[in-house]
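Undergrad: okay, structure incoming, though there's no sequence with it:
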């Protein structure tokens, strides 16, 4: 198996390709510093497996988000790909979402850039022409749900530690409206109201029941399950499926497209408040203390 | 029992009425060449049973659609009727939807007329003041779902051959947005996204679970079940029920009313594409070959 | 236990406060003639229990609605409160909704005032910053559902007499669109269409299944269940939860805010019709006859 070697960002060398020549694992691999793209060797259908690797918990640093948007754009424009399975390469989590250090102690210009790339990621995923399947092989909280919420299908590891949910209110913050919109589209209005107000984190069985995931599988079979689900989706002609997906999702995406600037302004002014900054600092200090 | 005799279309003679005088089956019957309207004899409530009879599979030819819209309009304006049960008179299917020969090898003016009457049918049914119940006594695929999707209640025959669903993507095409809207109103956003992208055809038990039908009944009891359900609906004063139905459905219908012309243009330009025409021709040739 | 003593309406004396000094039931109580507000003694969290007491069935007279809006506004503005449990002090019902005598035989100005305060109540509750839990300890029909439909959580007494639902069509009238909107937000479009057209009243098990209530509890445990559910909701920081609730609910509330005047005009012209007035008079006469 090829060992991943990081590459600079975001120049031409960033997109690193190599055909593996080892006969047993004939996988092409793409990569960037914080994501690893493996092309399924057994598949003739053009399935990419995108592995998030921003240890320890795939939190969203600005660099991570930027790389991810670029990697997704490359996959979108590469005609050899029809579907992406997104999973975690970090044993501790699928994703913990927003890196609090990115929204604490920086200036408004930085917050603006950060929020813009987060919007970019949501839009890129939500309107992707590719089939997106989230293979959620670890805990997935708050902003970490962005990828599952914008996928076509979600598979969660059947492990009591693998909680999934938008627990923002427990941290004293609110989700952006586009997170809410994509959640409502998946689990409905009432369940979303309940889950978002209470900041619920669902264990696998409950996650399946409320509908925030479509399937639960043993942890070591999450990726293989994703591959068989993907095969069903790729049995459908791309063009008709893409038209259909776009017709259903565009009205929701348009809400963000129309209000991007206002949404950025709202976020920047909210996060710049003294009270919010103080509470984030205290929270980060406590996290650091727990580590020491 | 009166034998149905076809009538010309669409002049005054088209609408043929006769009170049956046979004491045992005192049914009034209406008709046209491709539909049969039977008035339930036992009912004092004004229930019409509309039987689709465009063999072999009630596919939507332009004539069939035109007759159906006219028949429905007559029933709507005839004060003796309060509810319609729509079912199939063809043993092989409830309806196979759009007749592909109508959208293949014709000119844009023809496609325009065809799509307009399909929109007329959807609007006529979706905003009907009558109680509409679909007694789905055979397979019901793609455009064939138009009638169930616009009904107030759907009963499906409990037979493994009686699949129901919008499998358009499997044929390389996309459903119009108003089909999608009425499906979302019935089974919700997420299930619709899944069902439409994958072109799923549901067997009875799954159809009931996903909610695309409201009830499953043995094939020979579908119509009698429809009659008892209808009795519950007709226990409600018409005026209040109609106001309520209209209040709930009008926003969805308005979306099509506002965008009818654009929707026609989109369809005509899509279906006129060489690539689409070629793939339809190949599909039709294959169907013909299978028959020979 | 303090005996409730009514107070005039709506002057300053209307809002009557007293700290109970009895050591065993150290409850503060607020009140008005038709509602009783008890502050939970055991709670440090600021939970008010608002008991509806307009015997025999808490029907919505103009005075009752006016008092309720004022009481809710006071609670909303009193920083000691974070949540309200709304329940009935009348053994016979949670609420029967609109008092038909208020919409029969009055003049348009009266109907206008009545409808306006009903809208006020819905808006006040639907956008409340407080956590609202309905402890539905008796039958709850038609307009009586206004309070549950606008609450964050609904608990129904597990008693076959405790039916809940919007049975307006059975009385020959239609629900206003904002009732419909809040019902759709809770149980979805299709179930709402079905329930509203048929005017369904659900017994507890069915109410839970369709989702019009969130929990069923033995009748004598409805309030204690509400208290433990409230504790879960109050574990969430108010500000983040309020922002989240407002984000989800504002689009629905805005529909009414924008159309208040038209909605009043529609109601007044509908209810002023001779045919409607006659049918209401007959219905009221029958009710009176049954009592005599």
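TA: Here it is on my side, so go on. Computed from a predicted structure; not experimentally measured.
Undergrad: just give me the neighbour total for the nearest residue to residue A:263 once chain neighbours are set aside.
TA: Using C-beta to C-beta, 6 or more residues apart in numbering or on different chains and skipping the chain neighbours, the partner closest in space to residue A:263 is residue A:176 (6.4 Å). Just so you know, the C-beta spots here come from the backbone N, C-alpha and C atoms, and that holds for glycine as well. Each residue near residue A:176 was counted by other C-beta atoms under 10 Å in any protein chain shown, and the total is 20.
Undergrad: next to chain C, which bits of chain A? Give me the list.
TA: By the rule C-beta under 8 Å from any C-beta of the partner chain, the part of chain A lying against chain C is A:168-175, A:177, A:180, A:184, A:188-190, A:192-194, A:196-199.
Undergrad: for chain C, give me its nearest residue in the stretch 1-150 of chain A.
TA: At 11.8 Å from chain C, residue A:142 is the closest residue in the stretch 1-150 of chain A, using C-beta to the nearest C-beta.
Undergrad: is that residue in contact with residue A:167, as I believe?
TA: Yes. With contact defined as C-beta atoms under 8 Å, residue A:142 counts as touching residue A:167 (5.6 Å).
Undergrad: so for those two, which sits in the more crowded spot?
TA: Counted by other C-beta under 10 Å, residue A:142 and residue A:167 do not tie: residue A:142 has more neighbours, with 25 against 22.
Undergrad: mind listing what the more buried one touches?
TA: A:96-98, A:166-168, A:171, A:175 (C-beta atoms under 8 Å, 6 or more residues apart in numbering or on different chains).
Undergrad: ok, back up a step: now the residue of the stretch 1-150 of chain A closest to chain C: closest residue in space that isn't a chain neighbour?
TA: residue A:97 (4.0 Å).
Undergrad: burial measure for that neighbour, as a count.
TA: 24.
Undergrad: swap in residue A:170?
TA: Close neighbours of residue A:170, defined as other C-beta under 10 Å, add up to 19.
Undergrad: now do residue A:104 against residue C:237, distance only.
TA: Going from residue A:104 to residue C:237 by C-beta to C-beta, to the nearest Å gives 17 Å.
Undergrad: typo on my end, it should be residue A:106
TA: 23 Å.
Undergrad: now the end-to-end length of stretch A:47-61.
TA: End-to-end distance for stretch A:47-61, by C-alpha to C-alpha, to the nearest Å: 26 Å.
Undergrad: buried ones in that stretch?
TA: A:47-54, A:57-61 (16 or more other C-beta atoms under 10 Å in any protein chain shown).
Undergrad: avg pLDDT for it?
TA: For stretch A:47-61, mean pLDDT is 95.
Undergrad: one step back: ok, the residue nearest to residue A:142 touching residue A:141?
TA: Yes. Using C-beta under 8 Å, residue A:97 is in contact with residue A:141, at 6.1 Å.
Undergrad: tell me the secondary structure for the closest residue to residue A:236 other than its chain neighbours?
TA: Leaving aside its chain neighbours, residue A:236 sits nearest to residue B:169 (5.0 Å; criterion: C-beta to C-beta, 6+ apart). Here residue B:169 is recorded as helix under DSSP: H, G, I helix; E, B strand; the rest coil.
Undergrad: report the contact partners of residue B:169.
TA: Contacts of residue B:169 by C-beta under 8 Å, 6+ apart are A:236-237, A:240-241, A:244, B:196-199.
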